[in-house]
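A.B. asks: Fold the following and give me the result.
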Amino acid sequence: MPSSSLTVLCLASYHKGHDFIREAHRLGCRVLLVTSESLRDADWPREAIAEMFFVPDIDKQWKLSDLIAGVSHLARREVIDRIVPLDDFDLEKASALREHLRIPGMGETTTRHFRDKLAMRVTAASAGIPVPGFVHALNESRIRAFCARVPPPWFLKPRWQAGAIGIRRIENEAALWSALNELGDDVSNYLVEAFVDGDVLHVDSIVYEREIRVAVASQYGTPPFNVTHGGGVFTTTLLERGTPLDTEVLELNRRVLTALGLVRGVSHSEYIRGKDGSLVFLETSARVGGAHIAELIEAATGLNLWAEWARVEQAGGNAAYTVRPPRDEYAGLIVSLARQASPDLSAYSDAEVVWRLAKPHHAGLIVRSPSHTRVQELIANYSKRFATDFVATLPAAKKAMD
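C.D. replies: The predicted model follows:
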C-alpha cells in the first residue's frame with residue numbers, strides 16, 4: 001500500500017494535536033479521530049479529518065472494552081494502518097488497540113516504559129542509568145528498608161499520572177505510612193522516590209528506527225513540581241548548545257531512549273542535575289511535550305514536533321524519513337496563571353517576542369534570539385514582571401485537566 005493512502009486513527013481524550021492532524025492530511029493520509037463526547041464541539045481541524053467518533057467520558061476516562069469494541073466495529077469497513085495517541089493518557093488505549101487488531105506500533109509492554117513511572121525506573125536502572133532512589137509502594141519490608149537507606153524528604157508518586165500531577169512530598173516515615181494507609185487498595189499504583197534537589201532539564205526528541213534524529217535540551221526555571229504545588233511563574237529556556245551540560249544530558253537522553261525501546265516517534269524526557277553536578281533520569285514519555293514546549297522548540301529550531309511526528313508515522317519504518325537541519329537559535333517560554341480574564345501583554349514589546357498565549361486567565365510569551373544570553377536576560381526580567389502584573393494561584397491538580 002502506498003504510504004500516501006494510509007489510514008491513521010488518532011485518539012485524543014484531550015483537545016490537542018491539531019498540527020499532527022493537519023500534517024497527516026497534507027501528506028495524503030486519511031485521518032480518523034476518536035475523541036471524548038465532551039469535546040464534540042471543540043474547534044478541531046475538521047477540514048483535515050475524514051470522520052470523527054465520540055466516546056462517552058467521565059473526567060476523560062474511557063471504558064477500554066467499549067473502545068476496543070467500537071474500533072473493532074470500525075475496522076470492519078476501514079483498513080486502519082496506524083493508531084496514534086495524541087495525549088499521554090491515550091498511550092495505553094492505543095497500545096491495547098494495536099495488540100487487539102495486530103496493527104504495527106508500540107505494544108503494551110514497551111508502552112509501560114513511557115507511562116508507568118515504576119516501569120521506566122526499573123528498566124533504566126537495570127541498564128545502568130542513574131535514577132533517584134525508589135521503591136514500589138507495596139511490600140512493607142522493602143519500604144522500611146528504603147526509609148532506613150534513603151533519608152527524607154521523599155516523593156509519593158502515582159505511577160500512571162503525567163508530570164507533577166498527584167505527587168505528594170513526604171517529610172518523615174510516620175507521614176509516609178499514614179499516606180500509604182490512606183491509599184488502601186490503590187497503594188500498588190504508587191512508588192516512593194528520593195527527593196533530588198537540583199535543576200530540572202528536559203530533552204525533546206524525534207526518533208526514527210531507534211536513531212535520534214533531533215534532540216533539543218532545555219532547562220526549567222523553577223522545577224515544575226514547585227510551580228504546580230506552590231504557584232508562580234513557569235519558565236523554560238534552551239541550553240546553550242555545545243556546553244558540557246548540553247552534551248552530557250543529550251548523551252544520557254540517548255541512553256534512556258535506547259534502553260526503554262523507543263523505535264520511532266517523539267519523546268519528552270526530564271532529568272535532574274543534582275547539587276553535586278551529577279545527572280539522573282527522572283521520567284520520559286512517547287509524546288510531544290505539553291505546557292507549550294512544542295511552541296518553544298519550533299520558535300528556536302523551526303521544527304514543529306507535531307508535524308514531524310506525523311511524517312515519522314507516515315514513513316513507518318518502510319520509507320526514508322529526513323528532517324531539515326534545525327534553525328540554530330535560542331528561545332525561552334514563560335507562562336503563569338493570571339488574575340485577569342484577558343491579561344494585557346502589550347507592555348511586553350521587545351522585538352524578540354514571537355508568540356503570545358491566548359487563553360483565559362493565563363499569561364504567556366515566547367522570546368527568540370540568536371543569543372542565548374539575550375534569551376536568559378529577557379526571561380529573567382519577564383519573570384519578575386509577571387509576578388507583579390499577572391500571577392494567580394490555584395490548588396495543585398490531583399488529576400489531568402484541559
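A.B. asks: And the average pLDDT for stretch 382-391 is what?
C.D. replies: Averaging the model's pLDDT scores along stretch 382-391 yields 96.
A.B. asks: sorry, that was for stretch 364-379
C.D. replies: 98.
A.B. asks: do the same with stretch 82-94
C.D. replies: Per-residue scores along stretch 82-94 average to 96.
A.B. asks: Pull up the distance across it, start to finish.
C.D. replies: 10 Å (Cα to Cα, to the nearest Å).
A.B. asks: buried residues in it?
C.D. replies: 82-94 (16 or more other Cβ atoms under 10 Å). C-beta: built from backbone N, CA, C; applies to glycine.
A.B. asks: Sitting in strands, which of those do you find?
C.D. replies: Of those, the ones assigned to strands by DSSP state E are 82, 83, 84, 85.
A.B. asks: roughly how far out does the helix or strand bottoming out on mean pLDDT in the chain sit from the chain middle?
C.D. replies: In the chain, no helix or strand scores lower on mean pLDDT, DSSP states H and E than helix 224-230, which sits at a mean of 82. How far helix 224-230 lies from its chain's middle: 16 Å, per Cα atoms, centre = their mean, to the nearest Å.
A.B. asks: how near is the closest residue to residue 16 other than its chain neighbours to residue 145?
C.D. replies: Leaving aside its sequence neighbours, residue 16 sits nearest to residue 86 (Cβ to Cβ, 6 or more residues apart in numbering; 5.6 Å). Distance of residue 86 to residue 145, given as Cβ to Cβ, to the nearest Å: 41 Å.
A.B. asks: Repeat that for residue 361.
C.D. replies: Residue 361 is 46 Å from residue 145, by Cβ to Cβ.
A.B. asks: can you check residue 88 too?
C.D. replies: For residue 88, the distance to residue 145 equals 32 Å [Cβ to Cβ].
A.B. asks: One more: residue 251?
C.D. replies: From residue 251 to residue 145 the distance is 32 Å (Cβ to Cβ).
A.B. asks: same deal with residue 104?
C.D. replies: Applying Cβ to Cβ to residue 104 and residue 145 gives a distance of 42 Å.
A.B. asks: give the contact list for the most centrally placed residue in the chain.
C.D. replies: When Cα atoms, centre = their mean is applied to the chain, the residue found nearest the centroid is residue 289 (3.8 Å). Residue 289 makes contact with 202, 204, 268, 297, 305, according to Cβ atoms under 8 Å, 6 or more residues apart in numbering.
A.B. asks: What segments of the stretch 51-200 of the chain are helices?
C.D. replies: For the stretch 51-200 of the chain, the helices defined by DSSP state H, counting those that start in this stretch occupy 64-74, 91-101, 108-113, 117-126, 140-149, 173-183.
A.B. asks: Columns distance to residue 261 on top of the ones you listed, output as JSON lines?
C.D. replies: Formatted as JSON lines, these follow (distance: least, Cβ to Cβ, whole Å):
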{"stretch": "helix 64-74", "distance to residue 261": "23"}
{"stretch": "helix 91-101", "distance to residue 261": "12"}
{"stretch": "helix 108-113", "distance to residue 261": "5"}
{"stretch": "helix 117-126", "distance to residue 261": "8"}
{"stretch": "helix 140-149", "distance to residue 261": "26"}
{"stretch": "helix 173-183", "distance to residue 261": "30"}
